[in-house]
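J.: A predicted structure for the sequence below; I have some questions about it.
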Amino acid sequence: MDFKLHRIFTGRMGSNAYLVSFGSLAAAIDAGMGSALADYAEKNKLKIEMCLLTHGHFDHIGACAELQRRGTKIGISEKDADKLYTGNNLGGEFGVETEPLQPDFTFRGGEEIDFHGFSFRVLETPGHSAGSVCFLTPLGIFSGDTLFCGGVGRTDFYDGDPDALSASLAALFAAEEDAPVYPGHGFSTTLKREKETNPYL
Ligand SMILES: [Zn+2]
């Protein structure tokens, strides 16, 4: 059986959620806001077994509490885990309240998370937030708000760090020669294309 990639636009912040599906089972990368991801899964008869978060900002985690109630295991980096339950996730700054939750599991970078034989390698990429990570997979890189098509993540939030972001981007570009890149906002791109054309690098 093949692993399939699905991209779902969620909410007014334009955050992307992704699903990697295996038959009727799926792993989500970020949850986005509102019910877009859950609705998509229901319509396509997919059960979301786990949701791996690239970081803890409100526009990527807003849908997590409801997903968790429906049986999805939520995973986030140790350093961003508090954003799930303290509400200290920029929601207030944007006038959005998120429902608090506890993660089901955490990671620190370097792990390989298995989804029915499909591997998500966790690369720690702090800078946009202290606990931002990218997931390196056979289908491509899920880059969260670290790397975008033609841009990079903001570092002017409370736990952002421009020097850390530069180091993280260097590590990301060193990790693979080329690969599709699926960012937390906007269009997909490739590592090679960003290396050659991204004005922020
Ligand atoms: Zn963010």
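T.: Structure's in. What do you need? Residues are numbered from 1 along each chain as shown.

J.: buried stuff in the helix or strand that contains residue 193?
T.: Using DSSP states H and E, residue 193 falls within helix 191-197. Judged by neighbour count (16 or more other Cβ atoms under 10 Å), helix 191-197 contains these buried residues: 191, 194. Yep, even glycine has a C-beta here, placed from its N, CA and C like the rest.

J.: what residues does that helix touch?
T.: Helix 191-197 is contacted from outside by 141, 147, 149-150, 172-173, 176-179, 181, 201, using Cβ atoms under 8 Å, 6 or more residues apart in numbering.

J.: what about dumping the CA coordinates of it to CSV?
T.: Taking C-alpha atoms only, helix 191-197 is exported to CSV below (Å, rounded to 0.1, in the frame of the first residue of the first chain):
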residue,chain,number,x,y,z
LEU,A,191,15.0,22.6,-1.0
LYS,A,192,17.0,23.2,-4.1
ARG,A,193,14.8,25.9,-5.4
GLU,A,194,14.9,27.8,-2.0
LYS,A,195,18.7,27.4,-1.9
GLU,A,196,18.9,29.1,-5.3
THR,A,197,16.2,31.7,-5.1
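
J.: what's the spacing between the residue nearest to residue 33 when sequence neighbours are not counted and the ion?
T.: Nearest non-adjacent residue to residue 33, counting by Cβ to Cβ, 6 or more residues apart in numbering: residue 11, 3.2 Å away. Counting by Cβ to the ion, to the nearest Å, the gap from residue 11 to the ion is 13 Å.
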